[in-house]
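Visitor: Need coordinates for the below:
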Amino acid sequence: MLKGSLCTVRHLLTADLNTFIALVNDLPSRGDYFSSYFKSPEILRKEFAQSSFVTEDNEMFVIEDRAHHVIGVISHFKSRTPICREIGYRLFDRALAGRGYVTQACQLLVDHLFKTHPYHRLEVLMAPENVASVRVAQKCGFTAEGILRESFFINGHYQSVQLFSLLRPEWQAAQRQL
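Guide: Here you go, the predicted structure:
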């Protein structure tokens, strides 16, 4: 478990499963930047029973506030090369936006990945107009690299995404300044 002053990043527990399924499948909370595709509760339960949402290709965590409420999800998953991982995050309740939860969760995960794995590059992709997600990436030290034109299919149409990256030497330099 990764602990910060605002939140904890931890694996999903069996006791969380029903709440998690309701939150992750709540379509209105997804907004314009997440697909309206969702999995049945039984499929999610089966996947959790088999892997707890942790495999070599993907590791999913919940973001928990200080009151121990699950408020979001953050994961890292296989990217294009073995030395690279992509990070994805989602806050379940828009009313909690702007309070620093996702930024702190992302920073905790970035630190964890660079301290415990040989990854050289971390990436975050988001819709360019998703200002909140862009700010999370920037606050965590990621650099904008460019736009991947029409590379996501979300809610019936193709959307371009902005690519941000953080290299291990950049992270190490920021750690030395702390």
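Visitor: tell me which residues in the helix ranked longest in the chain are buried?
Guide: In the chain, taking DSSP state H as the definition, the longest helix is helix 101-116. For helix 101-116, the buried set under the neighbour-count rule, 16 or more other CB atoms under 10 Å, comprises 101-111, 113-114. Using the backbone N, CA and C atoms, a C-beta is placed for each residue, glycine as well.
Visitor: possible to save these as TSV with pLDDT and distance to residue 67?
Guide: Shown next, in TSV, are the buried residues of helix 101-116 (pLDDT from 0 to 100; distance: CB to CB, whole Å):
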residue	pLDDT	distance to residue 67
101	96	12
102	96	17
103	96	19
104	96	15
105	97	15
106	97	21
107	97	21
108	97	18
109	97	21
110	97	25
111	97	24
113	96	27
114	97	29
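Visitor: ok, of those residues, which one's closest to residue 47?
Guide: Nearest to residue 47 among these: residue 109, at 20.7 Å, using CB to CB.
Visitor: measure the residue most central in space within the chain to residue 160 for me?
Guide: Nearest residue to the geometric centre of the chain (CA atoms, centre = their mean): residue 89, 2.3 Å. Residue 89 sits 19 Å away from residue 160, taking CB to CB, to the nearest Å as the criterion.
Visitor: so where is the chain shaky, pLDDT-wise?
Guide: Along the chain, segments meeting pLDDT under 70 span 27-37.
Visitor: run the last query once more with 80
Guide: Where the chain drops to pLDDT under 80, the residues are 25-39, 154-155, 178.
Visitor: hey, where'd the helices end up in it?
Guide: According to DSSP H, the helices that the chain contains are 17-24, 41-51, 101-116, 131-139, 168-177.
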